[in-house]
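Visitor: here's a sequence, model it:
(one chain, ligands or ions: 1)
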Amino acid sequence: MAIQDIFKTRAQSENWDLHDAGLKQQNETIEADVIIVGTGAGGGVTAEVLSQAGLKVVMIEEGGLYTSDNFNMDELEATANMYQESGGRSTKDGAISIFQGRTVGGTTVINWTSSFRTPPQTLDFWQKEFGIEDASQQQMAPYFEQMEQRLNVSKWAMPPNANNDTLKQGCEKQGWSWGVIPRNVAGCWDLGYCGTGCPTNAKQSMLVTTVPEALKNGASLYYRCSAHKLHFSEHKVDAVECRALKADGQTPTGITLTFKAPTIVLSGGAINNPGLLLRSQAPDPHGRIGKRTTIHPVNASLASMAHDVNGFYGAPQSIYSDHFQWQDRDGIGYKLEVPPLQPALSSQILGFHGLDLSEQMADLPNMQVVIALLRDGFHEGSQGGTVELDDGGKPILDYPITDYLWQGLKHAHYTMAEAQFAAGAKQVMPLHHDAGYAKTMAECRKMIDALPMEKHRERIMTAHLMGGCAMGGDERQSVVDNNAKFYQADNLYVIDGSVFPTSIGANPQLSIYAMALKQAKKLAQSLTSA
Ligand SMILES: Cc1cc2nc3c(=O)[nH]c(=O)nc-3n(C[C@H](O)[C@H](O)[C@H](O)COP(=O)(O)OP(=O)(O)OC[C@H]3O[C@@H](n4cnc5c(N)ncnc54)[C@H](O)[C@@H]3O)c2cc1C
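Guide: Numbering: from 1, shown residues only. Model (predicted):
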């Protein structure tokens, strides 16, 4: 049975205003009430709220328009089309692989649907350390509730797949706390290919929710349209200069589209927003743009199980453990989860090459992987990284891995292996260049003890990019104020994951939706009552 492409069907019947900038033959100037750069978690919610308030919104997206008709579960095609730098983004020294989206709907189109509220400890920390106002657990609750309803968030009711179940078994045997992950899906088929775009439209990404609603409300969408420069004059942004991109999504066609509006919102996400501000030589008297970019550094442990795991099928993430997240111990906290194990992603996670890789991949059906997501930004030993521009004007993240982080990564290796052995793993391998399989926990512990915790030996990755345009009450420490307004311009706002002053300590999408809803509502009110 063919599945209806919701986006295309609605676009036609509701006569949406869609523009492939790559097809434009001449330079154009476009005017609106509000320009929003980026259509992901922050941009989608903001577009919906502002268009509902009757404002003429134009959404700009550098990625292409890929919809369920394109989502054929082909990892290589999806990664090339819908990930930043076609999946090849990394930190400046190449030590950490970065997965981030670049498509209409942003990273929400290719994410794995885990939907956690911001932990109360994180909200408390922001209020105390950064002067973030009106963001207590109680004050944020209505925004979380509204977004949970809007995106159909609920705990995954199906049994976890064997990959997730191993984490659950391991936690139970170890006496560690664990929980079932809430997901933003409606009528999910449990396919497991969320990372390549949901072929059944079940994932409630921005592509099938807020972006369509904004278009129905009269917003316009320009895709393959990369905001290259903001033009500043007298405490204001006058125009957003954009480059139209060819179908490859990378090469400029030579056409320039200029967008003008009394209000500009940046929702390009972490790394990208600071990049745009730096390219534009935005005023930055305190040198804060791009600072405190946090990432939840992730390391992983591989287990070979005696039974089939088939971690490429089923909801990618349905079990988590916060047992090591907030406990009072000397060292960084981390969340335990599992990743989906489709072949291309698995080979990236494993990090092997050539014959080694092919030998490991032969065991794919029996493979189980646990990941630890470290909570950076809360301690003087983990202040995040800094975004800078490379010679071509592309943003690049310089992220120092401190002793504090190395210790956390090592600690996580012990606990991940303990969980896997407790769940019955035949053998376990910490994902590190110098590690091999260990058959017992004692053997594994000895191996981890000896592992050199060094760049390019330890396998580190991230899919959670936060900060770089930090929000806060003190202009000397922050980029935007408590209303998400850029401190150094009167009509520029930043609404997305780049405003968080630390990492979340949980997968970030729901934190972004709720904070965006709060900020966009305030902005709508101020613009419509002016
Ligand atoms: C593989 C993967 C799995 C994930 N799984 C989960 C999960 O299960 N749960 C969870 O909570 N989080 C998950 N995340 C992370 C989550 O999806 C992101 O944190 C969130 O979408 C970020 O929202 P954002 O609005 O800050 O940016 P994004 O959603 O990334 O949106 C930014 C958009 O702006 C566009 N853009 C950037 N710069 C420009 C420019 N100059 N001009 C025009 N357009 C521009 C980008 O192309 C992009 O489409 C996952 C991420 C990945 C990569």
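
Visitor: alpha carbons only for contacts and neighbour counts from here, please
Guide: OK.

Visitor: show me the shaky parts of the chain.
Guide: Residues of the chain meeting the criterion pLDDT under 70: 1, 328, 530.

Visitor: swap in 90 and give it another go.
Guide: Scanning the chain for pLDDT under 90 picks out 1-3, 234, 248-250, 327-330, 351, 530.

Visitor: got the domain ranges for it?
Guide: Domain assignment of the chain by the TED database yields the ranges 19-86+100-152+204-290+468-529, 162-180+298-375+402-454.

Visitor: the ligand is nearest to which of those?
Guide: Ranking those by proximity to the ligand (CA to the nearest ligand atom) places domain 19-86+100-152+204-290+468-529 first, at 3.1 Å.

Visitor: what's the end-to-end length of the closest one?
Guide: 31 Å (CA to CA, to the nearest Å).

Visitor: rewinding a little: single out the most deeply packed of the domains of the chain.
Guide: domain 19-86+100-152+204-290+468-529 (a mean of 22; mean count of other CA atoms under 10 Å).

Visitor: quick one on the thing from earlier: any chance of JSON lines for the domains of the chain, columns distance to Met461?
Guide: Shown next, in JSON lines, are the domains of the chain (distance: least, CA to CA, whole Å):
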{"stretch": "domain 19-86+100-152+204-290+468-529", "distance to Met461": "11"}
{"stretch": "domain 162-180+298-375+402-454", "distance to Met461": "5"}
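
Visitor: tell me if I am right that Ile35 is in a strand.
Guide: Yes - judged by DSSP: H, G, I helix; E, B strand; the rest coil, Ile35 forms part of a strand.

Visitor: quick one: Asn491 from Pro343, how far?
Guide: Taken as CA to CA, the span from Asn491 to Pro343 is 46 Å.

Visitor: please name whichever of the domains of the chain is nearest to Gln12.
Guide: Nearest to Gln12 among these is domain 19-86+100-152+204-290+468-529 (10.9 Å), distances taken as CA to CA.

Visitor: quick one: the strands in the stretch 301-450 of the chain?
Guide: Assigned by DSSP state E, counting those that start in this stretch, the stretch 301-450 of the chain shows strands spanning 319-320, 334-337, 367-374, 386-389, 395-398, 427-430.

Visitor: want to try CSV for these, with distance to Tyr66 as columns?
Guide: Shown next, in CSV, are those (distance: least, CA to CA, whole Å):
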stretch, distance to Tyr66
strand 319-320, 29
strand 334-337, 28
strand 367-374, 29
strand 386-389, 28
strand 395-398, 24
strand 427-430, 36
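
Visitor: of all those, which lies closest to Gln121?
Guide: Nearest to Gln121, of all the strands of the stretch 301-450 of the chain, is strand 334-337, at 13.4 Å by CA to CA.

Visitor: and the stretch 101-250 of the chain, which of its residues are near the ligand?
Guide: Counting by CA under 6 Å from any ligand atom, the residues of the stretch 101-250 of the chain close to the ligand are 101-108, 110-115, 195, 225-228.

Visitor: which of those residues fall in strands?
Guide: 225-228 (DSSP state E).

Visitor: with distance to Ile512 added, can I get those residues in a markdown table?
Guide: As requested, those are exported to a markdown table (distance: CA to CA, whole Å):
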| residue | distance to Ile512 |
| --- | --- |
| Cys225 | 23 |
| Ser226 | 22 |
| Ala227 | 21 |
| His228 | 24 |
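
Visitor: before we move on, the earlier item: may I see the strands of the stretch 301-450 of the chain organised as CSV, with distance to the ligand added?
Guide: Converted to CSV, the strands of the stretch 301-450 of the chain look like this (distance: least, CA to the nearest ligand atom, whole Å):
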stretch, distance to the ligand
strand 319-320, 11
strand 334-337, 10
strand 367-374, 12
strand 386-389, 13
strand 395-398, 10
strand 427-430, 21
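
Visitor: out of these, nearest to Gln84?
Guide: strand 395-398 (11.2 Å).

Visitor: partners of the closest one, with directions?
Guide: Here strand 395-398 is paired, per DSSP bridges, with strand 386-389 (antiparallel).

Visitor: how far does the strand it pairs with sit from its chain's centre?
Guide: Relative to its chain's centre, strand 386-389 lies at 18 Å (CA atoms, centre = their mean, to the nearest Å).

Visitor: now stretch 11-23
Guide: Centre to centre, stretch against its chain (CA atoms, centre = their mean), the figure for stretch 11-23 is 26 Å.

Visitor: same deal with stretch 326-340?
Guide: Mean-position distance between stretch 326-340 and its chain equals 18 Å (CA atoms, centre = their mean).

Visitor: and the end-to-end length of that stretch?
Guide: By CA to CA, one end of stretch 326-340 lies 25 Å from the other end.

Visitor: touching that stretch from outside, list them.
Guide: By CA atoms under 8 Å, 6 or more residues apart in numbering, the list of residues contacting stretch 326-340 from outside reads 163-164, 167, 192, 311-313, 316-317, 319-325, 346, 369-376, 404-405, 407-408, 412, 416, 505-506.

Visitor: just the residues you listed: which are in helices?
Guide: The members of the contacts of stretch 326-340 that map onto helices under DSSP state H are 163-164, 167, 346, 404-405, 407-408, 412, 416.

Visitor: can you name the two of these that sit furthest apart?
Guide: Using CA to CA, the two most remote members of those are Asn163 and Tyr404, lying 29.4 Å apart.

Visitor: which residues touch the residue nearest the centre of the chain?
Guide: Central residue of the chain (CA atoms, centre = their mean): His464, 4.2 Å from the mean position. Each residue near His464 by CA under 8 Å, 6+ apart is listed here: 99-100, 295-296, 507-508.

Visitor: 6 Å instead?
Guide: His464 is in contact with Ile295, counting by CA atoms under 6 Å, 6 or more residues apart in numbering.

Visitor: how about the CA coordinates for stretch 405-422, as CSV?
Guide: Output of stretch 405-422 as CSV, limited to C-alpha atoms (Å, rounded to 0.1, in the frame of the first residue of the first chain):
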residue,chain,number,x,y,z
LEU,A,405,36.1,14.6,30.2
TRP,A,406,38.7,11.8,29.7
GLN,A,407,38.0,10.5,33.2
GLY,A,408,34.3,10.6,32.5
LEU,A,409,34.7,8.7,29.2
LYS,A,410,36.8,6.1,31.0
HIS,A,411,34.3,5.8,33.8
ALA,A,412,31.5,5.3,31.2
HIS,A,413,33.5,2.4,29.6
TYR,A,414,33.5,0.5,32.9
THR,A,415,29.8,0.9,33.4
MET,A,416,28.7,0.2,29.8
ALA,A,417,30.7,-3.0,29.9
GLU,A,418,29.3,-4.0,33.3
ALA,A,419,25.8,-3.6,32.0
GLN,A,420,26.5,-5.6,28.8
PHE,A,421,28.2,-8.5,30.7
ALA,A,422,25.4,-8.5,33.3
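
Visitor: now find how far off-centre that stretch is within its chain.
Guide: Per CA atoms, centre = their mean, the centroid offset for stretch 405-422 relative to its chain is 24 Å.

Visitor: give me the spatial nearest neighbour of Arg361, chain neighbours excluded.
Guide: Small correction: residue 361 is Met, not Arg. Nearest residue to Met361 in three dimensions, chain neighbours excluded: Ser347, at 7.2 Å (CA to CA, 6 or more residues apart in numbering).
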